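Colleague: Sequence plus the predicted model coming up.
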Amino acid sequence: MIFFDFDGVIVESVNIKTEAFAILFEREGSDIVKMVLQYHLNNTGVSRYEKIRYIYDKFLKRPIGDTEFHSLCDRFSSLVTENVINASYVRGAKEFLEAYGATYDCYVVSATPHDELRLIMERKKLTGYFKGIYGAPAKKTDAIKTVLANKGLTPINAVYVGDAMSDLESAKANGVLFIARINGNKAIFDNVNCIKIDDLTQFKRIIDNIEKDTWQARIS
């Protein structure tokens, strides 16, 4: 069983989300935008819902009402959805899914809102490769736990491919082997004991070469 994050693992869309946060808070001035972008890049696997509330609480230091909150979330969605649909795939991702989507039980576990994620995947004709799609507000940790329980599988039967610390933490919380996709995030995984890949071109070979003791290894 393979769990995939979406942004930055299946599709090269991390920069799209970064640009959207810059636009969303540009009226607050350049200093705030810098803080927002740094926070976003350090927490790429966290949902926009959590990020927006954090930004208001910690950076803007003012409350955000429900109307403004939902307006910002809707604007963010309008800024990113079509661009993500048109974004290129991470190298090797589409080829792996086309060749082995029927061989492995594959799931997407993402911080993108569920309905938006499903729309994007439908428009990109990806849904047929996956047994399940999990987006916000479901937590990644809970989604993985639910799938394993529903399938009656132990963590040794699964891997999670992600590109953020939240992905690593979700895998670790479930005892699942983590594989880090390295893009502009290399520094956050420098001291992490895990398999690291630049893209998915050699992903099948890596899966084939994971020996039993490696599958049983856990991040310490």
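Modeller: Perfect, I can see it now. Numbers count the residues shown, from 1 in each chain.

Colleague: Residues in contact with the lengthiest helix in the chain: which ones?
Modeller: Counting residues, the longest helix found in the chain (DSSP state H) is helix 66-85. For helix 66-85, the external contacting residues (CB atoms under 8 Å, 6 or more residues apart in numbering) are 7, 11, 13, 16-17, 19-21, 23-24, 48-49, 52-53, 64, 113, 116, 119-120, 123-124. To be clear about C-beta, it is placed using only N, CA and C from the backbone, and glycine gets the same treatment.

Colleague: 6 Å instead?
Modeller: Judged by CB atoms under 6 Å, 6 or more residues apart in numbering, the contacts made with helix 66-85 from elsewhere in the structure are 13, 16, 17, 20, 24, 48, 52, 116, 120, 123.

Colleague: Can I get that helix in PDB, CA atoms only?
Modeller: Once non-C-alpha atoms are left out, helix 66-85 reads as follows in PDB (Å, rounded to 0.1, in the frame of the first residue of the first chain):
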ATOM      1  CA  ASP A  66     -16.000  33.600  10.100                       C
ATOM      2  CA  THR A  67     -17.000  35.700   7.100                       C
ATOM      3  CA  GLU A  68     -13.500  37.000   6.500                       C
ATOM      4  CA  PHE A  69     -12.000  33.600   7.100                       C
ATOM      5  CA  HIS A  70     -14.300  31.900   4.600                       C
ATOM      6  CA  SER A  71     -13.700  34.700   2.100                       C
ATOM      7  CA  LEU A  72     -10.000  34.200   2.300                       C
ATOM      8  CA  CYS A  73     -10.300  30.500   1.900                       C
ATOM      9  CA  ASP A  74     -12.500  30.900  -1.100                       C
ATOM     10  CA  ARG A  75     -10.100  33.400  -2.700                       C
ATOM     11  CA  PHE A  76      -7.200  31.100  -2.100                       C
ATOM     12  CA  SER A  77      -9.100  28.300  -3.800                       C
ATOM     13  CA  SER A  78      -9.800  30.500  -6.800                       C
ATOM     14  CA  LEU A  79      -6.200  31.500  -7.000                       C
ATOM     15  CA  VAL A  80      -4.800  28.000  -7.100                       C
ATOM     16  CA  THR A  81      -7.300  25.500  -8.500                       C
ATOM     17  CA  GLU A  82      -7.000  26.000 -12.200                       C
ATOM     18  CA  ASN A  83      -3.200  26.500 -11.900                       C
ATOM     19  CA  VAL A  84      -2.800  23.200 -10.100                       C
ATOM     20  CA  ILE A  85      -5.000  21.500 -12.700                       C
END
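
Colleague: buried residues in the helix or strand just after it?
Modeller: Going down the chain from helix 66-85, the next helix or strand is helix 93-100, by DSSP states H and E. Applying a neighbour-count criterion of 16 or more other CB atoms under 10 Å, the buried positions in helix 93-100 are 93, 94, 96, 97.

Colleague: quick check: mean pLDDT across helix 93-100?
Modeller: Helix 93-100 carries an average pLDDT of 97.

Colleague: Fine by me, thanks again.
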